[in-house]
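Undergrad: with the sequence up front, the predicted model follows.
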Amino acid sequence: MEVARLATATGGTPGTGGPGAGCARPVAGPKGEDGMTVAGKVVVITGASRGIGAAAGRLFAAGGARVVALARGAVDWADEAGALALPCDVADPGAVAEAMAEAGDRLGPVEVLIGNAGVIEPIALLSEADPAEWGRAVDVNLKGVFHGMRAVLPGMIARGAGTVITVSSGAAHNPLEGWSAYCAAKAGAAMLTRAAHLEAGPAGVRVLGLSPGTVATDMQRAIRASGVNRVSGLDWSAHVPPEWPARALLWMCGPDADPFLGQEISLRDEGIRRRLGLSA
């Protein structure tokens, strides 16, 4: 199996799984990165209980950010990192609005939003997919991104500053068997991110996306167990650790990423990896 080619073709997975054991690739800090780009800023991360969200939350907190971790489940790392954990289902617009309001009341205006929450289920062929489960995936992966943007963009536009990052996927651009809900919703979220840049960029709001590639999370274990499409057959060593996209997200909050505003950055791009000091 041509693992490198498949990883490039299929792209990323959602950021809601736990860190995967067995990924031997070392993680180096971004060149010249001292974390000061987020020091003191209020950073909200959705889907923060596991995987990319948890890795990003820890890294941003270590960089001095005032992190707000949103998740449906427990955020075990929040107390140790000094983060504020709030229960939130991103599929519920009222819950998202309430969480953002509480974050603002307790810490101040939201300055960075990372829309990371995502689900892969249902893994099912179109002819066999349950409509309710299919709709739930769209509610989380697409509408959840909208709900977060809708809650923070008015304030960011009024202040003339802010950063909104959507965790995207190669599946937004490449159809895969059994992933119709995920692919369709991620494609919509990618376009939504471009629309947000078009509308809010002129006011000074930074909007961009990150396609992390395949990431070693619990969700990848579920994908592997499904046996559906070629991604399930990738060797575990083909997946990057969640700390890699976490570092990319931190870098994207700084001015070095400004040339990519309105675009989707791919962590599979060797040039991007070199900028971040990540080993191949």
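TA: The structure has been received and is ready for your questions.
Undergrad: for the helix or strand containing residue 246, packing partners?
TA: Using DSSP states H and E, residue 246 sits in helix 243-252. Other helices and strands packing on helix 243-252, by 3 or more Cβ pairs under 8 Å, 6 or more residues apart in numbering; DSSP states H and E, are helix 51-62, strand 163-167, strand 206-211, helix 270-276. For glycine as for every other residue, the C-beta is placed from the backbone atoms N, C-alpha and C.
Undergrad: among these, which is nearest residue 96?
TA: strand 163-167 (13.5 Å; Cβ to Cβ).
Undergrad: quick check: which of the helices and strands packed on helix 243-252 is nearest to residue 121?
TA: Using Cβ to Cβ, the nearest of those to residue 121 is helix 51-62, at 14.9 Å.
Undergrad: now that closest one: buried residues?
TA: 51, 52, 53, 54, 55, 56, 57, 58, 59, 60, 61 (16 or more other Cβ atoms under 10 Å).
Undergrad: tell me the mean pLDDT for it?
TA: Averaging pLDDT along helix 51-62 yields 96.
Undergrad: what angle separates that helix from strand 206-211?
TA: 130 degrees (axes from the mean of the first three to the mean of the last three Cα atoms, to 10 degrees).
Undergrad: give me the angle between helix 51-62 and helix 243-252.
TA: Using the same axes, to 10 degrees: helix 51-62 against helix 243-252 is 50 degrees.
Undergrad: so how far is helix 51-62 off the chain centroid?
TA: 11 Å (Cα atoms, centre = their mean, to the nearest Å).
Undergrad: stretch 100-118 now?
TA: For stretch 100-118, the distance to the chain centre is 14 Å (Cα atoms, centre = their mean).
Undergrad: cool, and stretch 64-77?
TA: The answer for stretch 64-77 is 14 Å, by Cα atoms, centre = their mean.
Undergrad: hmm, who's touching it?
TA: The contact list for stretch 64-77 (Cβ atoms under 8 Å, 6 or more residues apart in numbering) reads 35-36, 38-49, 53-54, 57-58, 60-61, 78, 81-90, 96, 99, 103, 107-108, 110, 112, 117.
Undergrad: can you select the buried ones from those in PyMOL?
TA: Buried members of those, defined by 16+ other Cβ under 10 Å, are picked up in PyMOL with:
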select buried, resi 35+38+41+42+43+44+45+46+47+48+49+53+54+57+58+60+61+78+81+83+84+85+86+88+89+90+96+99+103+107+110+112+117
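Undergrad: for the stretch 1-150 of the chain, which segments count as helices?
TA: Taking DSSP state H, counting those that start in this stretch, the helices of the stretch 1-150 of the chain run over residues 3-10, 51-62, 78-81, 93-107, 131-138, 144-159.
Undergrad: of the ones you listed, which stretch is the most buried?
TA: Between the helices of the stretch 1-150 of the chain, helix 51-62 has the highest mean count of neighbours, a mean of 27, where neighbours are mean count of other Cβ atoms under 10 Å.
Undergrad: quick one on the thing from earlier: can you give me the angle the helix holding residue 246 makes with strand 163-167?
TA: Going by the same axes, to 10 degrees, helix 243-252 makes 160 degrees with strand 163-167.
Undergrad: what's the first helix or strand after helix 243-252?
TA: With secondary structure assigned by DSSP H and E, helix 243-252 is succeeded by strand 264-266.
Undergrad: how far off centre is that following strand?
TA: 12 Å.
Undergrad: kindly report the same for stretch 200-215.
TA: 10 Å.
Undergrad: list the buried residues in it.
TA: Those would be 200-201, 205-215, for stretch 200-215 by 16+ other Cβ under 10 Å.
Undergrad: and those as JSON lines, adding distance to residue 70 and pLDDT?
TA: Below are those laid out as JSON lines (distance: Cβ to Cβ, whole Å; pLDDT from 0 to 100):
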{"residue": "200", "distance to residue 70": "21", "pLDDT": "98"}
{"residue": "201", "distance to residue 70": "24", "pLDDT": "98"}
{"residue": "205", "distance to residue 70": "20", "pLDDT": "98"}
{"residue": "206", "distance to residue 70": "20", "pLDDT": "98"}
{"residue": "207", "distance to residue 70": "19", "pLDDT": "98"}
{"residue": "208", "distance to residue 70": "20", "pLDDT": "98"}
{"residue": "209", "distance to residue 70": "19", "pLDDT": "98"}
{"residue": "210", "distance to residue 70": "18", "pLDDT": "97"}
{"residue": "211", "distance to residue 70": "22", "pLDDT": "95"}
{"residue": "212", "distance to residue 70": "19", "pLDDT": "93"}
{"residue": "213", "distance to residue 70": "24", "pLDDT": "81"}
{"residue": "214", "distance to residue 70": "24", "pLDDT": "76"}
{"residue": "215", "distance to residue 70": "19", "pLDDT": "77"}
